[in-house]
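A.B. asks: return a 3D structure for these sequence lines:
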Amino acid sequence: MKDLAAALADLGDALESVVMAAFADDGLDLCDDADLLSVLATAGRIQRGAEAIMIEAVAQLRDRDDPRPHPDRVTTRYGCRNLNELVQRATRVSGRRAADVLTAAVAVQRSTAPSTGEQLPPHFPGMRNALAVGEAGVDAVVAVASAFRRGGVGRAELLAADQELAAAARGGAPDGAGPATADELRALAQVWAAYLDPDGAEPVEARALRKRGFTVGRRDRDGLVPVRGNLMPEVAAQLQLGFDSVLNPRGDGAPVIGPCFTETDVDSDPSEPSPAAADSRSHAQKQHDALAVLLSAAAASGELPMLGGAAPTLVVSVREEDLATGRGYAYLPGDDEPISIAAARHIACAGAVQRVVLDENGRIVSLVTLDRVFNHHQRRAITVRDGGCLVPGCQVPPQWCEIHHVEEHSRGGPTHTDNGVLLCWFHHRTLDTGGWQVRMVDGVPYVKGPYWWDAAVKWRPATKSPTRRRDQIALRM
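C.D. replies: Numbering: from 1, shown residues only. Predicted coordinates:
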C-alpha cells in the first residue's frame, strides 16, 4: 500500500532529525538520568514497532514466493539467492539477524491455502497481536517460537501457551509481573514446552545419544590435527567447567586483579602508555591450551585406566644429539610425521627421560631412567613458594601448572626446588618465544618480561603465593 510506504518514509525522515539532535553536542548530554531512561525506553518501543513491520513484510514475501516457480520469485527477480540475503540487502542487518526475522515471520505469518485461497491462522496468534501493538519484537517472538521448535505439543495446548506468553510480553501475566524481556520469555516458554510435551526429553535424548561422537583426524600440512564431533550436554558442561577452571572466566569483563599491562609506542610519549592485552591468544586458542592442561592433569592423577600395564603415558622419541643441539625432529608414537624439538623439550621438561643406547645393528644395549621428575614433596614446596604460574597476569592456579627446570636438565640442571618453577602449559610451551624469561637467585624465582610489560626490562622477583606476599608486606611495615 503506497500510503503505508509514504507514511513510513515520513516517519523515517522525522526520526532522522531526532537522531541528529540526539547526537548533537547539546543533545543527550543535557538530559538527567530519568530523561535518559525515558529516551531509552521510547527508542525500544520504536525499535519494536519497526521490527514488527519488518516481520510482517517478510511474512508477506514468504507467502507470495512459496507457490511461485523459482524464476518468478521476488528473491530471484531482485538478484538474491534466498530470502535471507534479500532481508540483509534491504535492511543492512547481519545474516544471523536476518535469520531471526525469518523465524519470527514463520511464527506469526498468516499464510494463504493454495487450494482454497483461505487465510490460515498463524502458529502464534497471541505473539502476533503483541507484535502488532509494539509490546514484542524480533527477539521475543524468536524466544517463544524456538522453545516449541521440536513439536510434540497439541494445537490447543500451544494456543494456551501462546496466549499466556503474549500476556507476559505485555505485562499482563497471571503472576502480576511486569513486561517480560526476551530472555525471560525464553525461559518461560521453555517451561511451557517442557510441561506440555507428553514425551518429555527422552526422544531428544535418544537422538542425541545416536548422534554423539568425537573423532581425531590425521595431521594436516600445517602440522595441526583436526577434531570434530558432537558432545552430550552433560559432557560439554563438564568440559566447559574444566576450561573455566583453567582460563578463569572472572577475567572476562571483570576488573583485573594484578598488574596492568601496557604497551608504549617507540615514537610516543612514554608517560602516556596505551592499554594492551597481555595475552594475544584467541578464545579458541585459550581453550586448546586449557584442554592440554586438563589432559595432562588427568594423566598425572593416577585415576585413568591402565594402558599396556601402566598409566597412560605420552612417549616422545628423539635423538640425544638433536635434543642437545635443538636441531632435528622428534616423533610421537604411531605417527610418522615429526614434531619440533621445542615440543619435545616441553614434554621432557615436565616428564621423565629414558636414555636408550642402541648398537650399530639396532639392538638395545642400555636403558637408563634419568631422575628428572619433581616428586610430590618438591611440588608442594614449590607451590607454597610460587602460588601459581609465575608469569605476571596469568591466573592459572598451581594445581594446573607444570614444573619447569629453569636450568635445563640436559645441560646439568638439577631436579631441585631451587631449579623448579610453576608455569602453565601455554607459558611453559612458549617460554623461548613469548618474551618472558625466568631465572633463580638464591632459590627465589625472578621474571623479566617483554618491553610492553616493563619498559625498564628488569629482573623482578615473582610469586603468586599469598603467604609470601603477606611476609613481604610485613617486612615493609
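
A.B. asks: low-confidence ranges, this protein, go.
C.D. replies: Of all residues in the chain, those with pLDDT under 70 make up the ranges 1-2, 175, 198-205, 248-279, 299-314, 333-336, 346-362, 364-372, 410, 476-477.

A.B. asks: which segments of it make up each domain?
C.D. replies: 31-204, 313-373, 376-476 (automatic domain parsing).

A.B. asks: quick one, which of those gets closest to S282.
C.D. replies: Closest to S282 of the domains of the chain, according to CB to CB: domain 376-476, at 12.4 Å. Placement of C-beta: from N, CA and C, glycine included.

A.B. asks: re earlier: could the domains of the chain go into TSV alongside mean neighbour count and distance to D220?
C.D. replies: Shown next, in TSV, are the domains of the chain (neighbours: other CB atoms under 10 Å; distance: least, CB to CB, whole Å):
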stretch	mean neighbour count	distance to D220
domain 31-204	16	28
domain 313-373	13	10
domain 376-476	17	20
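
A.B. asks: so which of those is nearest G12?
C.D. replies: It is, among these and with distance given as CB to CB, domain 31-204, at 9.3 Å.

A.B. asks: quick one: L61 and P121, what's the gap?
C.D. replies: Using CB to CB, to the nearest Å, we find L61 at a distance of 19 Å from P121.

A.B. asks: about what we covered before: quick one: the domains of the chain as a markdown table, columns for distance to K211 too.
C.D. replies: Formatted as a markdown table, the domains of the chain follow (distance: least, CB to CB, whole Å):
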| stretch | distance to K211 |
| --- | --- |
| domain 31-204 | 11 |
| domain 313-373 | 28 |
| domain 376-476 | 31 |
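
A.B. asks: D3 is nearest to which of those?
C.D. replies: domain 31-204 (13.8 Å).

A.B. asks: beyond the helix or strand hosting L102, next helix or strand please.
C.D. replies: Take DSSP states H and E as the rule and L102 turns out to sit in helix 95-108. Note on helix 95-108: by DSSP H and E, the next helix or strand toward the C-terminus is helix 125-132.

A.B. asks: test my guess that D100 contacts A143.
C.D. replies: No: assessed by CB atoms under 8 Å, D100 is found out of contact with A143, at 9.9 Å.

A.B. asks: roughly how far does A34 sit from L40?
C.D. replies: Distance from A34 to L40, by CB to CB: 11 Å.

A.B. asks: do A208 as well
C.D. replies: Computed as CB to CB, the A208 to L40 distance reads 41 Å.

A.B. asks: number of nearby residues for R228?
C.D. replies: Using other CB atoms under 10 Å, R228 is surrounded by 9 other residues.

A.B. asks: helices or strands next to the longest helix anywhere in the chain in the packing?
C.D. replies: Secondary structure of the chain per DSSP state H: the longest helix is helix 33-65. In this structure, helix 33-65 makes packing contacts with helix 2-22, helix 74-77, helix 83-91, helix 95-108, helix 125-132, helix 138-147, judged by 3 or more CB pairs under 8 Å, 6 or more residues apart in numbering; DSSP states H and E.

A.B. asks: chain center to the helix holding L102: distance?
C.D. replies: Relative to the chain's own centre, helix 95-108 is displaced by 25 Å; criterion: CA atoms, centre = their mean, to the nearest Å.

A.B. asks: just the residues contacting that helix, thanks.
C.D. replies: Outside helix 95-108, the residues that touch it by CB atoms under 8 Å, 6 or more residues apart in numbering are 51, 54-56, 58-59, 62, 83-85, 87-88, 91, 93, 122-125, 127-128, 131, 138-139, 141-142, 144-146.

A.B. asks: now stretch 462-470
C.D. replies: In contact with stretch 462-470 (CB under 8 Å, 6+ apart) are residues 384-392, 398, 438, 445-447.

A.B. asks: okay if I get these as JSON lines plus distance to A462?
C.D. replies: Putting those into JSON lines (distance: CB to CB, whole Å) gives the following:
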{"residue": "V384", "distance to A462": "14"}
{"residue": "R385", "distance to A462": "10"}
{"residue": "D386", "distance to A462": "8"}
{"residue": "G387", "distance to A462": "10"}
{"residue": "G388", "distance to A462": "10"}
{"residue": "C389", "distance to A462": "10"}
{"residue": "L390", "distance to A462": "5"}
{"residue": "V391", "distance to A462": "8"}
{"residue": "P392", "distance to A462": "7"}
{"residue": "P398", "distance to A462": "13"}
{"residue": "V438", "distance to A462": "8"}
{"residue": "P445", "distance to A462": "5"}
{"residue": "Y446", "distance to A462": "6"}
{"residue": "V447", "distance to A462": "4"}
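
A.B. asks: please flag which of these sit within helices.
C.D. replies: 384-386.

A.B. asks: how about JSON lines for the helices and strands packed on helix 33-65, with distance to S340 added?
C.D. replies: Formatted as JSON lines, the helices and strands packed on helix 33-65 follow (distance: least, CB to CB, whole Å):
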{"stretch": "helix 2-22", "distance to S340": "56"}
{"stretch": "helix 74-77", "distance to S340": "51"}
{"stretch": "helix 83-91", "distance to S340": "44"}
{"stretch": "helix 95-108", "distance to S340": "39"}
{"stretch": "helix 125-132", "distance to S340": "57"}
{"stretch": "helix 138-147", "distance to S340": "46"}
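
A.B. asks: tell me which of those helices lies nearest to V316.
C.D. replies: Of all the helices and strands packed on helix 33-65, helix 95-108 sits nearest to V316, with 43.3 Å by CB to CB.

A.B. asks: what angle separates the closest one from helix 125-132?
C.D. replies: 120 degrees (axes from the mean of the first three to the mean of the last three CA atoms, to 10 degrees).

A.B. asks: could I get helix 95-108 in PDB with only the CA atoms?
C.D. replies: The C-alpha coordinates for helix 95-108 follow below in PDB (Å, rounded to 0.1, in the frame of the first residue of the first chain):
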ATOM      1  CA  GLY A  95      22.900 -12.900   8.300                       C
ATOM      2  CA  ARG A  96      22.100 -14.000  11.900                       C
ATOM      3  CA  ARG A  97      19.700 -11.200  12.400                       C
ATOM      4  CA  ALA A  98      18.000 -11.800   9.100                       C
ATOM      5  CA  ALA A  99      17.500 -15.500  10.100                       C
ATOM      6  CA  ASP A 100      15.800 -14.300  13.300                       C
ATOM      7  CA  VAL A 101      13.500 -12.100  11.300                       C
ATOM      8  CA  LEU A 102      12.600 -15.100   9.100                       C
ATOM      9  CA  THR A 103      12.000 -17.300  12.100                       C
ATOM     10  CA  ALA A 104       9.700 -14.700  13.600                       C
ATOM     11  CA  ALA A 105       7.900 -14.300  10.200                       C
ATOM     12  CA  VAL A 106       7.200 -18.000  10.100                       C
ATOM     13  CA  ALA A 107       5.800 -17.900  13.600                       C
ATOM     14  CA  VAL A 108       3.300 -15.100  13.100                       C
END
